[in-house]
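In: sequence and predicted structure, then a few things I'm wondering about:
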Amino acid sequence: MRVLLDTAVLIFAVESPERLSKRAMAILKSPENIRELSSVSLTEIAIKTTLGKLRFSAEMARQAIQDMDIRILPFTAVHAFRLFELPTYHRDPFDRQIIAQALSEDVPVVTSDEKFRAYETITIVW
């Protein structure tokens with residue numbers, strides 16, 4: 001199964017794996033799954049680390065991506081244009097971009113963020 005990981009899932013997997021659901025952990029561990037992380041998530045981590053809101057280095061991100069065999073999903077114009085159609089149920093700009101990607105790519109999102117569920121056509125895995 002191809003899945004898009006929410007930023008928090010990557011962070012939880014590294015810093016506090018006990019916060020992951022059993023299903024999320026199984027997805028991260030199963031070699032059959034194609035795990036993707038949005039380039040937006042890397043941007044979010046970099047910005048929040050620079051602002052002191054997060055302690056997650058570039059090296060930590062690189063290592064996690066390698067260890068979990070995660071592909072990076074670039075944020076494209078197709079994804080950006082999807083934002084024009086997206087209702088504002090979720091106000092966080094990083095999450096909105098991830099939602100737009102998931103909807104454009106028709107891929108489930110692994111997230112604990114309940115606000116994602118407001119978008120009826122998105123598939124949430126948790």
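Out: Happy to help now that I have it. Predicted model, so just to flag it, every value in this text is computed and none were measured.
In: from here on, contacts and neighbour counts on C-alpha atoms
Out: Fine.
In: neighbours of R91, how many?
Out: Residues contacting R91 under the criterion other C-alpha atoms under 10 Å number 10.
In: hang on, it in a helix?
Out: No - with DSSP: H, G, I helix; E, B strand; the rest coil as the criterion, R91 is assigned coil and is not in a helix.
In: from L54, how far out is I124?
Out: 25 Å (C-alpha to C-alpha, to the nearest Å).
In: just want to know which of these two has more residues nearby.
Out: Remark: of I124 and L54, I124 carries more neighbours, 20 against 14, as counted by other C-alpha under 10 Å.
In: what about the closest residue in space to the more buried one that isn't next to it in sequence, neighbour count?
Out: Nearest non-adjacent residue to I124, counting by C-alpha to C-alpha, 6 or more residues apart in numbering: V109, 5.1 Å away. As a burial measure, V109 scores 26 neighbours (other C-alpha under 10 Å).
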